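Student: quick one: sequence plus predicted model below, questions after.
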Protein chains: 2
Amino acid sequence: MAPSKSESAYRLLHEKITEGTFSPGYRLVLGTIAAELGCSVVPVREAIRRLEAEGLVTFERNVGAMVAAADTTLYLHTMQTLAIIEGAATALSAPFIDDDQLAAARAINQAMAELLVDFDAPRFTELNNEFHQVLYRNCPNPHILELVHRGWNRLAVMRSSSFTHIPGRARESVREHAHLLDLIEAKAPAAEIEQAARAHRTTTLNAYLAAANLPASPL
Amino acid sequence: MAPSKSESAYRLLHEKITEGTFSPGYRLVLGTIAAELGCSVVPVREAIRRLEAEGLVTFERNVGAMVAAADTTLYLHTMQTLAIIEGAATALSAPFIDDDQLAAARAINQAMAELLVDFDAPRFTELNNEFHQVLYRNCPNPHILELVHRGWNRLAVMRSSSFTHIPGRARESVREHAHLLDLIEAKAPAAEIEQAARAHRTTTLNAYLAAANLPASPL
DNA sequence: GTGTATGAAATCGTATACGATCTAGTGTGA
DNA sequence: TCACACTAGATCGTATACGATTTCATACAC
């Protein structure tokens, strides 16, 4: 069956926001979006409420909705949260990663390594997403998986606009990926995998924190 | 200004669900709720969408909404998630807990200890909530705090209906609380506090898992 | 020039209405 | 008896309409 209009509106907005078509701060005017979608405002409001609950959109009474703003603090908080959640997701997922998936992840990481020579940031980011998805996808706890997705989405919204790559981080990243894969292949203890997966993200976070003259994350 | 009807509907439903007035599986019929609130269905739909995004309600197209079901698997997944998030929240909060708050927490735990003699489960649970709130309230990362709240809410919905206390767990709990407070007072490393706070919850989780003949949580 | 009143336009919030869809109960034929 | 078609009632999904609120530009007073 065709999806409901509310569902369509939700998907469309979600995509436009995470893909960066609508940048942070972009005003989502109900009437305009409704017209674009060829529907009335009611389903659009509903969609926006859902996006609000996911943190992709902020909504103010009698004023309207806009794509969640991307201030530095928010970004860093999101990264910290994701470090924690994704670390756990990866550790919980690890025992269920089979040889094929492991091979796929190694291939992706190899592709990333090759990109280092002639660096292509968007492509690198894309591969990075794929890589991590392979790692946490098998997580048997759907709540955690959902939180990981939400975290990635929130980062995606903000990253596009305001944050740039840290020099040398890409190379380190590839190395850390390889280490993570080794741990998983060796069936290392969950705590060790969690620690490595978390650190992988925390390192980036701390680089940003240092750049902003803030203390490093204690976790 | 008076809250919008959509906001009122959201708060009312949220409260009724977390307080247990509406048990898991309870059908939320738009028209009925709208009539109770003295408003139309549109704001009610919006409220329900928000609750859905928080996991308190499930919604099926052309069928309607109901309070999220409370099957065992869901409950355990939620507990596992909360163990991870709350552990981090507590560790991040610890450096900001002042002497007064520490004293308050000790007092609450003392009250819990006294309840052990003539056990009163609802009161114990209430104090337990208060205790943990003191511990994680100062967490400087609002995202994490929000996730903790959502986790507690989800547990609250389910706990009321289907889960009972584990014998001897209350006494252990009080002891673990005291240990946690000692670590915080001693300004122990964040990782250590996180570990203790997580373990406090994981122990309960594993007791449930064992009772259901499932393997313990690896984290 | 600065600050405040005013009014129009834009936008939101929600009631109402009605078609679409689901559910359950009844009847019919094999 | 069972499977299926059908109908009535309940409920959902969304368009439309309109009052309420905010915003912004303009005009006026000081």
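Tutor: Structure's in. What do you need?

Student: where do the strands of chain A begin and end?
Tutor: All strands of chain A, identified by DSSP state E, fall at A:27-28, A:57-60, A:64-67.

Student: which of those sits closest to chain B?
Tutor: Proximity to chain B, assessed across the strands of chain A by CB to the nearest CB, is greatest for strand A:57-60 (10.2 Å). Bear in mind the C-beta positions are built from the backbone N, C-alpha and C, glycine included.

Student: buried ones in that closest one?
Tutor: By neighbour count on 16 or more other CB atoms under 10 Å in any protein chain shown, the buried set for strand A:57-60 is A:V57, A:T58, A:F59.

Student: and stretch A:90-105, by the same measure?
Tutor: Applying 16+ other CB under 10 Å to stretch A:90-105 flags A:T90, A:A91, A:L92, A:S93, A:A94, A:I97, A:Q101, A:A105 as buried.

Student: ramachandran coordinates for the residue of chain A most remote from its centre?
Tutor: Distance from the centre of chain A peaks at A:S40, with 31.2 Å (CA atoms, centre = their mean). When read as degrees, to the nearest 10, the backbone of A:S40 gives phi -90, psi 180.

Student: hang on, the earlier thing: any chance of the buried residues of stretch A:90-105 in JSON lines, with pLDDT too?
Tutor: Output for those, formatted as JSON lines (pLDDT from 0 to 100):
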{"residue": "A:T90", "pLDDT": "98"}
{"residue": "A:A91", "pLDDT": "98"}
{"residue": "A:L92", "pLDDT": "98"}
{"residue": "A:S93", "pLDDT": "97"}
{"residue": "A:A94", "pLDDT": "97"}
{"residue": "A:I97", "pLDDT": "97"}
{"residue": "A:Q101", "pLDDT": "97"}
{"residue": "A:A105", "pLDDT": "98"}
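
Student: tally up the residues packed near A:N138, please.
Tutor: Neighbours of A:N138 under the rule other CB atoms under 10 Å in any protein chain shown: 17.

Student: who are the contact partners of it?
Tutor: A:S93, A:A94, A:F96, A:I97, A:Q101 (CB atoms under 8 Å, 6 or more residues apart in numbering or on different chains).

Student: just to revisit the earlier point, can you list the strands of chain A in a markdown table and add mean pLDDT and distance to B:I33?
Tutor: Shown next, in a markdown table, are the strands of chain A (pLDDT from 0 to 100; distance: least, CB to CB, whole Å):
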| stretch | mean pLDDT | distance to B:I33 |
| --- | --- | --- |
| strand A:27-28 | 96 | 27 |
| strand A:57-60 | 94 | 21 |
| strand A:64-67 | 95 | 24 |
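
Student: need the pLDDT of the nearest residue to A:P215 once chain neighbours are set aside.
Tutor: Distance criterion CB to CB, 6 or more residues apart in numbering or on different chains; nearest residue to A:P215, sequence neighbours excluded, is A:L209 at 6.9 Å. With respect to pLDDT, A:L209 has a value of 89.

Student: wait, A:L209 sits on A:L76?
Tutor: Yes: at 6.4 Å, A:L209 counts as touching A:L76 under the criterion of CB atoms under 8 Å.

Student: now do the domain split for chain A, please.
Tutor: Structural domains assigned to chain A are A:5-67, A:72-211, following automatic domain parsing.

Student: to B:I193, which of those domains lies closest?
Tutor: With CB to CB as the measure, domain A:72-211 is the member of the domains of chain A nearest B:I193 (13.7 Å).

Student: contacting residues around A:S6?
Tutor: A:S6 neighbours (CB under 8 Å, 6+ apart): A:V42, A:P43, A:V44, A:E46, A:A47.

Student: how about A:Q80?
Tutor: A:Q80 neighbours (CB under 8 Å, 6+ apart): A:T202, A:L205, A:S217, A:L219, B:N141, B:H143, B:I144.

Student: angles on the backbone of A:N213, please.
Tutor: Torsion angles, degrees, to the nearest 10, at A:N213: phi 60, psi 40.

Student: how close does it get to A:T72?
Tutor: Computed as CB to CB, to the nearest Å, the A:N213 to A:T72 distance reads 11 Å.

Student: cool, and A:L102?
Tutor: When A:L102 is compared with A:T72 (using CB to CB), they lie 36 Å apart.

Student: before we move on, what about A:A186?
Tutor: In terms of CB to CB, A:A186 sits 38 Å off from A:T72.

Student: same thing with A:P167?
Tutor: 19 Å.

Student: of the two, who's got more company?
Tutor: A:T72 (15 against 8).
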